[in-house]
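Enquirer: Okay, predicted coordinates and the sequence, questions at the end:
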Amino acid sequence: MGFLGTWMTESESVVYRVVPKCACSTIGQIMYYSDHGTFFEGDIHDSTTGLHKWSQEESQPKIEANVKGHKSYAFTCVRNPYTRILSSFFDKICGIQRNGKRYRGNLVPLLIQKYGIEVGDPETGFEFDQIASFRRFLLFARDTIRWRRPMEPDIHWSAMSGHISTFIVNGGRYDNIFFTEHFNEGMQSVLDNIEVPHSVNLAEIPRFNESEGHGPKRAHPVEDYFDDLSRHLVYEMYKRDFDLFKYDFENPANKYPIGEIDLDEVHAKLGV
C-alpha cells in the first residue's frame, strides 16, 4: 500500500498526508510556493513536477525513506464531517468537473436511477430540491462505506480517519493535525516548525478552491440538510472522525471543533 496520498516538498522541508475536501488544494500550493517562490499554474492535483507525490513512481523511494525515518515535519488537516460530506455532494455529485464533464462518468446517472437524486443543470441555474437530493445521496454514501455497494467508497466521502490511518500503519508519525476551520492558525503552526527556501505570508496566500463556481451554491444553512435519519447515517459513517478530531456531532450548525486533537490518541487508535 505504501504512503498513498502523501505529498512532500522537493526540498524535503515538510510531508503532508492529503485528506480530500480539507483545504488540500491550498495546502499543496503553499508547499509548492515554499520551494519555488511561485504557485503551480493550474490545479495542484494535476502537477507532475515540483512536488513529490506518492502517485509519481520516482517520488516513492524518497517519500518512503523520509517518512519511515521521520526526517521531516509531517502533518495533515481535518474538517467537520457535516460540512465535508455536504461539500462532496455539491462539488462531486452536482458540479461540473474541471474537464467539463460530470464526476466519474456514469456515477451521476447511476444515482439518478437508483437513488432518485436530482443534481440540477447549469443551463437552468441548478434548480432542484437540494435537501431531498442530499439526503438520498447520504444513503448512497452510507451504502458504499458500509457494504461497498453499488461501488467502493470514493476518497471524497470516505472517512478522514481512514485516509489518515494509512500513513500511521505504514510507519509514519504526524507532528501536527490541524482544523480547516482554523486554517491560518493551523498552517502557521506548520510553517513555524519548518525551514523553507521561500517564506510564506499566509495573509497574502489566495484560497485555491478548485471546485468553486462549477456547481450549485448551497441554498440553506448546514443544519437544514440533516434531519434525524441523516444524522444517524452521518454518525454511522463518521463516528471515529467526530470522536478523534473533536467535532460536535450533536449540533450540525456548529462547524467548529469542541476540543483539541490528542495526537497520541490518534496514533494509538489509527495505528492498528
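Expert: Sure, I can see it. Here the structure is a predicted model, which is why all the values come from computation and not from measurement. Numbers count the residues shown, from 1 in each chain.
Enquirer: low pLDDT regions in the protein?
Expert: 210-213 (pLDDT under 70).
Enquirer: Pull out the buried positions in stretch 56-69.
Expert: By neighbour count on 16 or more other CB atoms under 10 Å, the buried set for stretch 56-69 is Ser59, Gln60, Ile63, Glu64, Asn66, Val67. (Glycine included, C-beta is placed from N, CA and C.)
Enquirer: mind putting the residues you listed in CSV, distance to Arg173 and secondary structure included?
Expert: What follows is these, written out as CSV (distance: CB to CB, whole Å; DSSP: H, G, I helix; E, B strand; the rest coil):
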residue, distance to Arg173, secondary structure
Ser59, 20, helix
Gln60, 19, helix
Ile63, 14, helix
Glu64, 14, helix
Asn66, 12, helix
Val67, 8, helix
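Enquirer: Who are the contact partners of Phe242?
Expert: Pro81, Tyr235, Asp248, Phe249 (CB atoms under 8 Å, 6 or more residues apart in numbering).
Enquirer: SS state for Cys77?
Expert: strand (DSSP: H, G, I helix; E, B strand; the rest coil).
Enquirer: Now it: closest residue in space, sequence neighbours ignored.
Expert: Leaving aside its sequence neighbours, Cys77 sits nearest to Cys22 (CB to CB, 6 or more residues apart in numbering; 4.7 Å).
Enquirer: The one you found is in contact with Asn80, isn't it?
Expert: No: using CB atoms under 8 Å, Cys22 is not in contact with Asn80, being 9.8 Å away.
Enquirer: between the two, what contacts are shared?
Expert: Common neighbours of Cys22 and Asn80 (CB under 8 Å, 6+ apart) are Thr180.
Enquirer: Which one of these two is surrounded by more residues?
Expert: Under the criterion of other CB atoms under 10 Å, the comparison of Cys22 against Asn80 puts Asn80 first, with 26 against 21.
Enquirer: mind listing what the more buried one touches?
Expert: Counting by CB under 8 Å, 6+ apart, Asn80 touches Thr180, Glu181, Tyr247, Asp248, Lys255, Tyr256, Pro257.
Enquirer: What about those residues, which are in helices?
Expert: Judged by DSSP state H, the subset of these located in helices is empty.
Enquirer: Now the phi/psi pair for Pro73, please.
Expert: Quick fix: residue 73 reads Tyr, not Pro. When read as degrees, to the nearest 10, the backbone of Tyr73 gives phi -60, psi 130.
Enquirer: oh, I was asking about Arg102
Expert: Dihedral angles (degrees, to the nearest 10) for Arg102: phi -70, psi 150.
Enquirer: Throw the contacts of Phe242 into TSV and include neighbour count and distance to Val14, thanks.
Expert: Listed next are these as TSV, based on neighbours: other CB atoms under 10 Å; distance: CB to CB, whole Å:
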residue	neighbour count	distance to Val14
Pro81	23	26
Tyr235	13	34
Asp248	16	30
Phe249	18	31
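Enquirer: what's the closest of the residues you listed to Met8?
Expert: The closest of those to Met8 turns out to be Pro81 (CB to CB; 27.1 Å).
Enquirer: how much space is there between that closest one and Ser59?
Expert: Distance of Pro81 to Ser59, computed by CB to CB, to the nearest Å: 30 Å.
Enquirer: For burial, what's the neighbour tally of Tyr82?
Expert: For Tyr82, using other CB under 10 Å, the count is 25.
Enquirer: Please, which helix or strand holds it?
Expert: helix 81-88 (DSSP states H and E).
Enquirer: in a helix, that's where Thr49 is, yeah?
Expert: No: under three-state DSSP, Thr49 sits outside any helix and is assigned coil.
Enquirer: From the structure, what's the count of residues near it?
Expert: 8.
Enquirer: if I pick it, what's in contact with it?
Expert: Contacts of Thr49 (CB under 8 Å, 6+ apart): none.
Enquirer: ok, it to Thr6 distance?
Expert: Distance from Thr49 to Thr6, by CB to CB: 17 Å.
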